[in-house]
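S.K.: could you work out the structure for the sequence below:
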Amino acid sequence: MPIKNRFAEMHAEITGWRHDFHRHPEILYEVHRTAARVAELLREFGCDEVVEGIGRTGVVGVINGKSVASGRAIGLRADMDALPIHEITGVEYASTTPGAMHACGHDGHTSMLLGAAKYLCETRNFNGKAVVVFQPAEEGGAGGKAMVDDGMMDRFGIQEIYGMHNAPGLPTGQFAIREGGFLASSDEFDIIVTGKGGHAAAPHQAVDTTLVAAQILLSLQTLVSRNVDPIKRVVLTIGTFVTDSVASNVIAHKVKMQGTVRTLDAEYRAYAETRVREITQGTATALGATAEVIWTPGYPVTVNTPDETAYAAEVARQIAGSVNDNADPIMPSEDFSYMLQARPGAFIFLGNGDTAQCHHPAYNFDDEAIPAGSSWYSGMIEARMPA
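M.R.: Below you'll find the predicted structure:
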């Protein structure tokens, strides 16, 4: 199952779709133009069923194989949304929407899955149903969860589901995957420290919340260095630190910090919340202040199931000649995790070459990866539901 010749023939067409999506990026659930174009193309291809509005603005297409007697249904997922970033690539098809760009390659994912859908409609060389899933709001909006909560898995009878993401730094057209936790969970928290404002010349008459908050910030790092098994992976980051002071000679009354915790272990995900609360409130109390912790759960760990990881790796190996099937896990998060909580499946990386990293304003998807990506998507259907 090498790269399919049909995708070499379709390369220019798929690239054209990608460039069109790139020119017109849309954020979170507001992917109305993108979703409408996806649905239009799926109908042109001859999908047996096309349903819009799953998970608010998601699109699902169903392609019947030569037979559906097996009762099998395999899902393939791509994300459609862009990011609120100003593009600096300089390409002729650059974003025409100020402050928005496809800085994570979702335009490429969507186009590769559309290419696979067209090929599967043409050939139907499988026994079962291919369910192509186009998801909104991966970038912080939990669109994957929205589609699952909308009953997608049961409605379309999906038994396994597979997803793909491009990977800058991995050679174009190569694949990487691993069994188990592959991408981290990501939870957010706000910490509001309240003390007693005052004059910088009389700190003894105040409770210096800036000092208290700074001590909390430093103490929280002991969660990683002293509370977590050194072999495990946990990352805690404070991203903002804002006081209500407006002058250098004013001791702030309140300080607000915001941060994230990422981990590859569900047990440490729960433990991190407990320790953040304990460390924050204990430190504040010891220094005469009070502190409130507001915890916002984010995406869970993306966990590839064993058998499905092996299936995905084998299809990738046949396309690329080899595959890194023991890739290092990484600490970004991915809401395909919700789909993997609902059904067995796997998430794989496709090399994007020596490009800017995802979420960088100079990032661009490598169109040369398209044949490999479309071959893998369609190859999963043919391999898991052979005719």
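S.K.: with adjacent residues omitted, what lies nearest to Met10?
M.R.: Using Cβ to Cβ, 6 or more residues apart in numbering and skipping residues adjacent in sequence, the residue nearest Met10 is Gly115, 5.6 Å away. Placement of C-beta: from N, CA and C, glycine included.
S.K.: how about the contacts made by the one you found?
M.R.: Counting by Cβ atoms under 8 Å, 6 or more residues apart in numbering, Gly115 touches 7, 10, 13-14, 17, 370, 374, 377.
S.K.: buried among the residues you listed? Make that a PyMOL selection.
M.R.: Those of the contacts of Gly115 that count as buried under 16 or more other Cβ atoms under 10 Å are selected in PyMOL with:
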select buried, resi 7+10+14+17+370+374+377
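S.K.: farthest-separated two in the contacts of Gly115?
M.R.: Using Cβ to Cβ, the two most remote members of the contacts of Gly115 are Glu13 and Tyr377, lying 15.6 Å apart.
S.K.: next, the residue nearest to Met10: secondary structure please.
M.R.: Here Gly115 is recorded as helix under DSSP: H, G, I helix; E, B strand; the rest coil.
S.K.: residues touching the residue lying closest to Ala36 once chain neighbours are set aside, list them.
M.R.: Among residues not flanking Ala36 along the chain, Glu52 sits closest, at 7.8 Å (Cβ to Cβ, 6+ apart). Going by Cβ under 8 Å, 6+ apart, Glu52 touches 35-36, 39, 58-59.
S.K.: now do the residue nearest to Met10 against Arg317, distance only.
M.R.: 21 Å (Cβ to Cβ, to the nearest Å).
S.K.: hang on, the earlier thing: doesn't the residue nearest to Ala36 belong to a helix?
M.R.: No. Under three-state DSSP, Glu52 falls outside any helix and is assigned strand.
S.K.: for it, give its distance to Ala94.
M.R.: In terms of Cβ to Cβ, Glu52 sits 28 Å off from Ala94.
S.K.: shaky segments in the stretch 1-150 of the chain?
M.R.: Applying pLDDT under 70 to the stretch 1-150 of the chain flags the ranges 1.
S.K.: which stretches in it count as strands?
M.R.: Under the criterion DSSP state E, counting those that start in this stretch, strands of the stretch 1-150 of the chain are mapped to 49-54, 58-64, 73-79, 129-135.
S.K.: partner strands of the shortest one and their direction?
M.R.: Going back to what we said before, that points to strand 49-54. Using DSSP bridges, the strands paired with strand 49-54 are strand 58-64 (antiparallel).
S.K.: repeat that for the last one.
M.R.: Using DSSP bridges, the neighbouring strands of strand 129-135 in the sheet come out as strand 58-64 (antiparallel), strand 73-79 (parallel).
S.K.: among these, which is nearest Lys196?
M.R.: Using Cβ to Cβ, the nearest of the strands paired with strand 129-135 to Lys196 is strand 73-79, at 47.6 Å.
S.K.: ok, residues contacting the closest one?
M.R.: 106, 109-110, 112-113, 116, 128-136, 138, 143-144, 153, 156-164, 336, 339, 343, 345, 377, 380-381, 384-385.
S.K.: Throw the contacts of Glu52 into JSON lines and include neighbour count and distance to Ser186, thanks.
M.R.: Formatted as JSON lines, those follow (neighbours: other Cβ atoms under 10 Å; distance: Cβ to Cβ, whole Å):
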{"residue": "Ala35", "neighbour count": "25", "distance to Ser186": "25"}
{"residue": "Ala36", "neighbour count": "13", "distance to Ser186": "30"}
{"residue": "Ala39", "neighbour count": "19", "distance to Ser186": "30"}
{"residue": "Gly58", "neighbour count": "27", "distance to Ser186": "21"}
{"residue": "Val59", "neighbour count": "29", "distance to Ser186": "26"}
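S.K.: tell me the contacts of Pro329?
M.R.: 178, 180-184, 233, 264.
S.K.: same check, this time on Val323
M.R.: Contact analysis of Val323 by Cβ under 8 Å, 6+ apart lists 174-177, 313, 316-317.
S.K.: ok, and the closest non-adjacent residue to Val91?
M.R.: Asn364 (6.2 Å).
S.K.: and Val133, bridged to which residues?
M.R.: Val60, Arg77.
S.K.: hang on, isn't it packed against Val148?
M.R.: No. Using Cβ atoms under 8 Å, Val133 makes no contact with Val148, being 10.2 Å away.
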